[in-house]
Structures are given as C-alpha cells and as structure tokens.
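1. Give me the fold of what follows.
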Amino acid sequence: VKLRKLLVHRGPDWSGLCMTDFKKSGTKCALVHERLAIVGVGSGEQPLMSPSRKVALCVNGEVYNHKQLEASLSAEGVDLQLKTGSDCEVILPLYEHKGPLATAQALDGMWSFIITDEENERFVIARDPIGLTPLYYGWASDGAIMVASELKAIEGVCERYEEFPPGHIYISDAEVPLQRYFKPVWYEPGYTPTAKPDLTELRTKFEAAVVKRLMCDVPYGVLVSGGLDSSLVAAIAARHAAKRVEDGGKSPAWFPRLHTFSIGIEGSPDLKMAREVADHIGSAHHEWVFTIDEGLNAVRDVIYHVETYDVTSIRASTPMFLLSRRIKAMGIKMVLSGEGADEMYGGYLYFHKAPGAKEFQEETVRKLQALHQYDCRRANKSTMAWGVEARTPFLDKDFLDFTMTMDASYKMINGGKDVVEHDPRRKVEKYVLRKAFDTPEDPYLPDSVLWRQKEQFSDGVGYGWIDGLKDFAEESVTDLQMKSAAQRFVINPPTTKEGYLYREIYHSLFPSDSAAQTVPGGPTVACSTAKAVEWDAAFQAAAAQDPSGRAVGGVHVDAYAMK
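-> Just a heads-up that it's a prediction; the model follows:
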C-alpha cells in the first residue's frame, strides 16, 4: 500500500486493493491499482473481480476490441455477467473460458495485466506485443515476486528486477512459466516480406487504427509536431471526431471538437508546421513556447518519471513532459500520438544509407523489438507523469502486420518504382506512406507537411534545445569526470558529457545495477541500432559525437559539420 503512492500520478482517479490467499501453497497475493478513468468512468474500479470472486484482475491500458470479444464469447454461450463499463473487464471471462495464453493472443490494444486465480492457485502476468505500456518484475529477498508499471515502485525493495518483455506471458504453474505469445511471421529471423503495397488498403487500415483509438468517455486531443506521422493521426481523427466510436458512429460524440497540441522553443520549425496542420483540419489548436531554462529545470523530473538515461529519449521526453502538464491543466486525459511509423517505414534519416532491402527489413524489426525501451517508454511515461494517456495508432497490431509483410524495397529511398514510376519525391523517406495519403481531390494534409523531411522530435522543437542541453552539460561535467566514466559507470558507460550528466542524475535516483540494466546502451546515430551504425563509416564517427538526426551528413538539410 505504501509503494502504490509512488505510482499515484499514473492513476489519480481511484485506488483499489485486493488480497488473495492460495490455501494449498500458503501463497499470499496482493493487487494494488491506481486508476486513470477514460472508458467507463462511472464504474470499472480495479481490481476487477470475476462473478465467483475467485479471479482478480489489474490492467493498465485499453482493450479496443472488447465489444467484439464480448460478442464472440456470448455467441459461444458464455454468460458474461459483466458488472462495469470497463473495456478491460472482458479479460476475466476470456481468461476463465479460453485460458491465459489465448487471452493474451486475443487482445487488441495497449495493455499489461496481472491475474490472481484463487481456485487454480495461479497468477498470470502479461504485456502487449510491442510494450506500449510499461511493466517491470522483480524478486525480493524473501522470495516474493513483485510487479509494477514503473521501476520506482520496486527499486530498493527487490534484490533484482528487470523489464517484463513485450509479447510475453508468465503463467506461474506452467512447466515453462515465461512464454512468448506474440509470434508474427515477420518477427522470425530470415523472413523476407514479398507483398506489394496496396496504397488504398494502407490508407484504410491506418484510418481504422486511428478510429478505434477514439474510444473514450473523457476529453481528448492529438499531439501534433507538424511532422508527417502525428499530422496524419490528427487529420484522420478530425474526420471522425463528430461521431461516437463506441456505438459505431450512430450518435454524436461527447466531445466533438478536436483539440491539437504542440510545443517548441521560440522559432521552432514544429510550431510553424503544426499551425499549418491545425488550420487545414480545423482543430482547436493550442501551442506552448518553452525556454531552454524551463527545459533544463525539468530534466531531473523527466529522468525520474521516464526512468531512463538514454540521451535521445531525455531530449525528446522533456518537451513532451512539459506539454503534458499543460494538457492535463485543460482537463484532457487522453491524447493520440504518432510514435511507431519511423520504425515501421524506415523514416529515420540513417535509413537513406541502408545497403539493401534485406538490411532495411532487419533494421525495422530490430527497431520495433527495442521500441519499448525508447519511444514507447517516452510516450507513456512523459504523459502519465501527469495522468494523461498516450495512444499510438501506428503500432496497431493489424496495421503492423500489413506494414511488416510489405516488400521492404518499397519502403526504401527510390523504392516503389512500379507503384509510381515518374515521381521525383521517391527520394523522401516513408514515400509509400506519404503517397497513400496523397489525395489531391480530398487532401488529408497540406503538401508542405505531407512531404516534409523527417525531424526527430528533439530536433523539431527547436535546434537550440539540444544545443542548450549540450552547453549545460559542458559546464556541468569536467574532463576529469569523463576520463573515469567507465570506472564510475561500469554498465553502459557514457561517452559524452551530456550522457554523463543524465547518468549521474539517474544513478542518484535509481542506484541499483538492475535499474542501470533496464536502459539500453551502444552506439547510435539518428536513433539507429548499433548494427545500423556499421552501414556507413561516417556513422561511426557521428555516433561518438551526437545521436541527433542532424548527425546524418548529406541527408539532413541542416546537418552538423562533423569533426
């Protein structure tokens, strides 16, 4: 109960507790939940209980296909006996009638859950396929297993802990308790996708991914950077905001005016482009200008909430953290965001240097497999620090399968010649995605946004933001400290003063080796994996200096002059 207070920011609307005793084994289970009420606000307090009260459930997230699952179970003769309006309650009858593994495989959404089953003396832990919601598990000195949405709740309590892997389920009484349930064909080593992209199908599937995420009983909005991905999300949301998703668009939406939000420093390219998007789609637009000092003052809080020392993540998390506070002050509890497209479509600028389709495909898979440690972590924790939930349509399970089984050559720079033979814009990253929404007769976005070059969010809020962080780190960290960095921090030693600064703060908050190991390391340029740094000799020099997109010389229009 004391530890739950460390997570109350994630769920300020309700606190719940359930104790379960497994009589045969003598095991005692405690479920504690902090609720952020978005669907079924008037009910749905957790932990949720089965009709027999033998099965208890705690969930973090949303189940977008709950109505389809309810209908399917009812058609099979299951007496659902649902007591709340929560989209997550369907997990209980699904578990009781299909079992734990089939339950995890059936869910479409962003979620992590824990079930205690008194009758079978079993507990189950599971996390969504990509890791959109955070989850950690650890082991205390007395043998207890502890599970939490953020590591701060188990740091100092567990002798050892780690991040619970996405796409996995832990069934306590199984012969092999930890199992991977998410097994798409494109996840497997050696898979070569061959599907030719159907641009109409691409557009239709992504539109469906956005619409299902409008399931909401509270005021919501869209984070708009002015780049392609978030702008597409906003454009589609604007087309569907007037009708209520929950009843198939039969009734007016409770909050029909779409609100969009952007942030940047003075003169930010993102602010300018976001205004163009808002004007085009007719949203009620809100923008905030932050100063370098305001950002610097927030860095320690950002590291505490996002639980990382990764340089790029902190650069991008800080403006997102500041913006989320403003959004919550307006009464908004849910936002749509554009994470995932760059991993799926090779949108980061270093993909320009991919040696071939095979390497391109392998890198997109590596990026998606690691996304829970980077953009998913940032998007969830930066917003949930203020009790705001971020939903990411690009990472929809069905849209993922469609995109990742597409012949990777169509995603490459200059790819897709047999889709549009004479289009000079094929040299722009994510061409096939852009082209799918290039509908001049009914434009989703202005051309200036639809064909805008990729900017990492930390760059797009204003180049002065990163420069300010680097200048502050240069003043704060000495050359002597850098010389001993590998001895001070044995796990993932920092290679730059900015990295050292963040690592020092992180260590003061979370000093255990377990905490250090939850953050990935290795060289990177423009958000690449370490493997992709090998694609170009210039990448290796750039990775040692700065991970920004501006480090990709010859591609970014405002590239750094590398030393």
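2. switch to C-alpha atoms for all contacts and neighbour counts from now on
-> Noted.
3. Helices of the stretch 451-563 of the chain, start to end?
-> 457-460, 463-476, 479-483, 485-488, 497-509, 513-517, 530-533, 537-543 (DSSP state H, counting those that start in this stretch).
4. Which positions in the helix or strand harbouring Q179 come out as buried?
-> Using DSSP states H and E, Q179 maps to strand 178-180. Using 16 or more other CA atoms under 10 Å as the burial criterion, the residues of strand 178-180 that qualify are L178.
5. Quick one: list the elements packing against the lengthiest helix in the chain.
-> Longest helix in the chain, counting residues (DSSP state H): helix 311-329. Helices and strands touching helix 311-329, by 3 or more CA pairs under 8 Å, 6 or more residues apart in numbering; DSSP states H and E, are strand 259-264, helix 292-306, helix 375-384, helix 457-460, helix 497-509.
6. what comes into contact with it?
-> Applying CA atoms under 8 Å, 6 or more residues apart in numbering, the external contacts of helix 311-329 come out as 261-264, 288, 290, 295, 298-299, 302-303, 306, 308, 333, 374-375, 378-379, 382-383, 385-388, 457-458, 461, 466, 498-499, 502, 527, 547-548.
7. What's the ChimeraX syntax to select whichever of the residues you listed are buried?
-> To isolate the buried ones among the contacts of helix 311-329 in ChimeraX, judged by 16+ other CA under 10 Å, type:
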select :261,262,263,264,290,295,299,302,303,306,308,333,374,375,378,379,382,383,385,386,387,388,457,458,461,466,498,499,502,527,547,548
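8. pLDDT below threshold where in the protein?
-> 415-422, 455-460, 544-545, 547-563 (pLDDT under 70).
9. Closest to the centroid, which residue in it?
-> The centroid of the chain falls nearest to C376 when counting by CA atoms, centre = their mean (2.3 Å).
10. Quick check, that one in contact with G131.
-> Yes - counting by CA atoms under 8 Å, C376 does reach G131; the two are 6.9 Å apart.
11. quick one, helices of the stretch 301-450 of the chain?
-> Per DSSP H, counting those that start in this stretch, the stretch 301-450 of the chain carries helices over the ranges 311-329, 341-345, 357-370, 375-384, 397-404, 431-436, 447-450.
12. Now for the residue of the chain positioned farthest from its centre: which residues touch it?
-> Centroid-distance maximum for the chain: K24 at 40.1 Å, with CA atoms, centre = their mean. The neighbours of K24, taking CA under 8 Å, 6+ apart as the test, are E121.
13. Regarding it, what is its secondary structure?
-> coil (DSSP: H, G, I helix; E, B strand; the rest coil).
14. swap in Q46?
-> coil.
15. quick one, what contacts it?
-> 15-17, 33-35, 57-59.
16. Ok, F206 next?
-> F206 neighbours (CA under 8 Å, 6+ apart): 393-394, 399.
17. Which helix or which strand is home to it?
-> Using DSSP H and E, F206 falls in helix 199-212.
18. The helix or strand following that helix packs against which elements?
-> Downstream of helix 199-212, the first helix or strand assigned by DSSP H and E is strand 220-223. Under the contact criterion of 3+ CA pairs under 8 Å, 6+ apart, strand 220-223 touches helix 228-240, strand 259-264, strand 334-336.
19. which one is E429 nearest to, not counting chain neighbours?
-> Leaving aside its sequence neighbours, E429 sits nearest to G347 (CA to CA, 6 or more residues apart in numbering; 5.3 Å).
20. Go ahead and confirm that neighbour touches G340.
-> No - in this structure, G347 is not within contact of G340 by CA under 8 Å, at 9.6 Å.
21. For the closest residue to A532 other than its chain neighbours, give me its contacts.
-> Among residues not flanking A532 along the chain, E363 sits closest, at 7.0 Å (CA to CA, 6+ apart). Contacts for E363 (CA under 8 Å, 6+ apart) come out as 529, 531-532.
22. No further questions, thank you.
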